[in-house]
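*Asks:* With the input below, show me the fold.
(chains A and B)
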There are 2 protein chains.
Amino acid sequence: MIGEIIAIGDELTSGRIVNTTSVLAARELFLLGHTLRAMHTIGDDAKLIGATLTAAIARCDFVLVTGGLGATTDDLTNEAVIAALGLNGTVHPGVRASIESRLAKGERIAASLSKLARLPAGAEVLDPECRMAGYLLRHQDKPIWFLPGVPPQMEILLRDKVLPALQAMDAGRTVPVSRRVYRTCGLYEIEINRRLQPLEQEDLAIGYYPVGSEVHVSLTGRQLAGGTDDPRFQAADAFIRQSLGDHLYGVDEDSLAVAVGRLLLERGLMLGTAESCTGGLIAATLTETPGSSRWFKGGVVAYANEVKEHLLGVDPKLLTRFGAVSGETARAMAEGARRHLGCDIAVAATGIAGPDGGSPDKPVGTVHLGLAIGDTVTDRLCRLTGSRRHIQEKTAQTAIDMVRRALLAR
Amino acid sequence: MIGEIIAIGDELTSGRIVNTTSVLAARELFLLGHTLRAMHTIGDDAKLIGATLTAAIARCDFVLVTGGLGATTDDLTNEAVIAALGLNGTVHPGVRASIESRLAKGERIAASLSKLARLPAGAEVLDPECRMAGYLLRHQDKPIWFLPGVPPQMEILLRDKVLPALQAMDAGRTVPVSRRVYRTCGLYEIEINRRLQPLEQEDLAIGYYPVGSEVHVSLTGRQLAGGTDDPRFQAADAFIRQSLGDHLYGVDEDSLAVAVGRLLLERGLMLGTAESCTGGLIAATLTETPGSSRWFKGGVVAYANEVKEHLLGVDPKLLTRFGAVSGETARAMAEGARRHLGCDIAVAATGIAGPDGGSPDKPVGTVHLGLAIGDTVTDRLCRLTGSRRHIQEKTAQTAIDMVRRALLAR
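*Replies:* Predicted structure coming up:
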């Protein structure tokens, strides 16, 4: 199915809020094999909302509209839709009853609240209890979903209502689309492209998506009767896995941290961290994963040298001789973290994230990683570029991948 | 000036990449007083790119296009522009020379590289050395900027070329727009709205932007000859600052971490952290700020109870008696962090981020914060809702704000 998303609100076009709901929807739709042609973000401007909507309906199989369904004066979606599609506005009895049930006894519905119940004629409200805003409208035989802009509500209705309905429509086709996403790190897009070139053929499309310092590869089959079980899809899957080797860390929505957590659990090992330039980002990235307490013990953010000495037991002579940003210090931090945190593996990062602090010898972006696993301690030098945040993120990712590779080798 | 942004690429419409460049541009434009009517994200589809561009040009004073300027087959921006605006494609001599200068001796330009030099007639390349892609095209007397999709390059050209040019055009108007953004935390949008209502009047507009658990308030003057120095703007500024009190933590682009860092520097104090449920996110948020080593000493991510005992000196009897998620433990963690890290102030967080681990007594979202400043140790209970990541982010922000308020009171 081919669709477009329209997100509405001045808070988005002013850059005050990052539009996370459209990205979430885009990712879910992509994984299910649908194609988004465009995602629009429109300010609170009823005419432009209407024009964007009618253009999208003309081009697509479905449209998803988010935001502007609330009670304040800048919520214009319903009004814009009524005008643009030439519909009547009607009071939805269910929504009205839901609002009334929440009023104090004897209280009358304020004008702002009654606005919530005034929907385009034909709107099918998505929440059976009519508490969350959001409805489905069929126009020119195409479904148009209107969802709240509030991320948690939008997510619930997307997953419970929109995606199942799209899948049901899709199943009506003779051959559904099948798709798998392979997540890699440590290989350039161009190298992956070279390795997978033999695979490119009709009906089996390969997509390349650089994501931060990872590259995600999608395999899409459009005419395979057996879906992902089809022998041709299976053969392509095997070829991709072999070509990517240990650069492939996960499939579909597994993050690098999830992959590392699974390896740690399988081996019954606990991980710890020692961070200087990343300032806690390695640990924060790992613990974003639910259940991480089963394989992550803790970490030390050793920003000051004093903390490196006192909490990680790094020898002050080492710091004087080689400097805080050195392979020697990275190894000592990793070894100290393993011992002081009482874990099986520890990873450490020390470097210069910038924008200040660089020198000709050790420019901004110089990062040393250390890894202690059992009695073995190793280190690795990375030379990174970009903004402070980018260097911190890239360091955290490389450190987590260093743990993954060490686990694979055991 | 009124504009639109068009970001191009399948990696965006598939949700594999979050479109950060459009948000950055939107924020910068907003702060300078410009208005974005819409931000579009279009897949690699030359016809739709062209149609979106011509519609935007017809509606706006300027258009910003990002992405699709590279050398691979899915980079379609130049081709789409040439077709949509009826222009000729020409080889840009500067870009061609720049590519040639990077080739090995005797090597010829590959077809994919020569594509980089084929620009719409009239394109003014933005990088004087022609190394970065990106150009300005004037069409129907309106500027249309084409920038690379790679965030660091896009940011450089936006700040160095696009924004100054827009400001120069804006200065030609009789009365430029003046705008200031007030960043607050700890107050609901509706309460801020109530406090600032007396201020709402013609020519001085107030905007409310909930951003995570903060609310940003914008003050915009459209007809003030003196700009932000105008007495009316100054009076409104004073009223807003007074109404928001210590909920106002910064103006324009100051983050909460920057505000806390400034207070610490002024008072000559060093900060430390002790984190359980946030897993390093408090420290990572603080150290995202350049120069944070001048006021941040380090932290302990005490995910396992063992780490709370060994690195923070939390009494195991306390953990048994009150549990790891308790005000008592939060206080002991803060006090332990202050002592063991050797800092002046320490903030601690322990709680249940979910999705598992909750109980009727301590449901998911139960978070205790502790603060040790000198010999005084306090704690605070928060009951949060939402996803694991949301609870972690909200906890980190509340913890950092707790430090800010303690510093203000000194």
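
*Asks:* Which positions in the stretch 101-250 of chain A make contact with chain B?
*Replies:* A:152, A:207, A:209, A:210, A:211, A:216, A:218 (Cβ under 8 Å from any Cβ of the partner chain). For every residue, glycine as well, the C-beta is placed using N, CA and C.

*Asks:* Tell me which residues of the helix or strand that the fourth one is a member of come out buried.
*Replies:* When secondary structure is defined using DSSP states H and E, the element that contains residue A:210 is strand A:204-211. By 16 or more other Cβ atoms under 10 Å in any protein chain shown, the buried positions in strand A:204-211 come out as A:204, A:206, A:207, A:208, A:209.

*Asks:* what does stretch A:119-137 give?
*Replies:* Neighbour-count burial for stretch A:119-137 flags A:119-120, A:123, A:125-127, A:130, A:132-137 (criterion: 16+ other Cβ under 10 Å).

*Asks:* of the residues you listed, closest to chain B?
*Replies:* Proximity of the buried residues of stretch A:119-137 to chain B was ranked by Cβ to the nearest Cβ; the top entry is residue A:132 with 14.9 Å.

*Asks:* which ones are touching that closest one?
*Replies:* Residues near residue A:132 by Cβ atoms under 8 Å, 6 or more residues apart in numbering or on different chains: A:126, A:148, A:153, A:156, A:157.

*Asks:* That one in helix, strand or coil?
*Replies:* Taking DSSP: H, G, I helix; E, B strand; the rest coil as the rule, one finds residue A:132 in the coil state.

*Asks:* pLDDT wise, what is residue A:202 at?
*Replies:* Looking at residue A:202, its pLDDT reads 68.

*Asks:* Please name the nearest non-neighbouring residue to residue A:35.
*Replies:* Leaving aside its sequence neighbours, residue A:35 sits nearest to residue A:2 (Cβ to Cβ, 6 or more residues apart in numbering or on different chains; 5.0 Å).

*Asks:* cool, residue A:167 as well?
*Replies:* Nearest non-adjacent residue to residue A:167, counting by Cβ to Cβ, 6+ apart: residue A:32, 6.5 Å away.

*Asks:* circling back to that earlier point, next, format the contacts of residue A:132 as TSV and append distance to residue A:359 and secondary structure.
*Replies:* As requested, the contacts of residue A:132 are exported to TSV (distance: Cβ to Cβ, whole Å; DSSP: H, G, I helix; E, B strand; the rest coil):
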residue	distance to residue A:359	secondary structure
A:126	59	coil
A:148	52	coil
A:153	51	helix
A:156	52	helix
A:157	54	helix
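
*Asks:* From the residues you listed, list just the buried residues.
*Replies:* Buried members of the contacts of residue A:132, counted by 16+ other Cβ under 10 Å: A:126, A:148, A:153, A:156, A:157.

*Asks:* Going by distance to residue B:57, which of these wins?
*Replies:* Proximity of the buried ones among the contacts of residue A:132 to residue B:57 (Cβ to Cβ) peaks at residue A:148, which lies at 32.6 Å.

*Asks:* didn't that closest one look like it was pressed against residue A:68?
*Replies:* No: counting by Cβ atoms under 8 Å, residue A:148 does not reach residue A:68; the two are 9.2 Å apart.

*Asks:* pLDDT below threshold where in chain A?
*Replies:* Along chain A, segments meeting pLDDT under 70 span A:112, A:172-176, A:202.

*Asks:* Over to stretch A:88-108 now: how far is its first residue from its last?
*Replies:* Length of stretch A:88-108, first residue to last, Cα to Cα, to the nearest Å: 25 Å.

*Asks:* who's in contact with it?
*Replies:* With contact meaning Cβ under 8 Å, 6+ apart, stretch A:88-108 is reached by A:78-79, A:82, A:109, A:113-114, A:116-121, A:123, A:125, A:129-131.

*Asks:* mind listing which of those residues are in helices?
*Replies:* Using DSSP state H, the subset of the contacts of stretch A:88-108 located in helices is A:78, A:79, A:82, A:113, A:114, A:116, A:117.

*Asks:* May I ask which of those has the most neighbours?
*Replies:* Most neighbours among the ones in helices among the contacts of stretch A:88-108, by other Cβ atoms under 10 Å in any protein chain shown: residue A:78, with 23 neighbours.

*Asks:* so what's that one up against?
*Replies:* The contact partners of residue A:78, by Cβ under 8 Å, 6+ apart, come to A:68, A:69, A:89, A:115, A:118, A:119, A:120.

*Asks:* would a markdown table of these with distance to residue A:55 be doable?
*Replies:* A markdown table is the format used below for those (distance: Cβ to Cβ, whole Å):
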| residue | distance to residue A:55 |
| --- | --- |
| A:68 | 18 |
| A:69 | 21 |
| A:89 | 22 |
| A:115 | 26 |
| A:118 | 25 |
| A:119 | 22 |
| A:120 | 18 |
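
*Asks:* Chain B: which of these is nearest?
*Replies:* Nearest to chain B out of the contacts of residue A:78 is residue A:68 (Cβ to the nearest Cβ; 13.5 Å).

*Asks:* wait, what's in contact with that closest one?
*Replies:* By Cβ under 8 Å, 6+ apart, the contact list for residue A:68 reads A:8, A:9, A:44, A:49, A:74, A:75, A:76, A:77, A:78, A:80, A:149.

*Asks:* Checking it next. Helix, strand or coil?
*Replies:* Of the three states, residue A:68 takes coil under three-state DSSP.

*Asks:* State the distance from the closest residue to it other than its chain neighbours to residue A:37.
*Replies:* Among residues not flanking residue A:68 along the chain, residue A:77 sits closest, at 3.4 Å (Cβ to Cβ, 6+ apart). Going from residue A:77 to residue A:37 by Cβ to Cβ, to the nearest Å gives 21 Å.

*Asks:* quick one: which of those two has more around it?
*Replies:* Comparing residue A:77 with residue A:37 by other Cβ under 10 Å, the one with more neighbours is residue A:77, at 27 against 18.

*Asks:* Wait, that one touches residue A:65, no?
*Replies:* Yes: the criterion here is Cβ under 8 Å, and residue A:77 meets it with residue A:65 at 6.6 Å.

*Asks:* Find the residues that touch each one of those two.
*Replies:* Counting by Cβ under 8 Å, 6+ apart, the contacts common to residue A:77 and residue A:65 are A:8, A:146.
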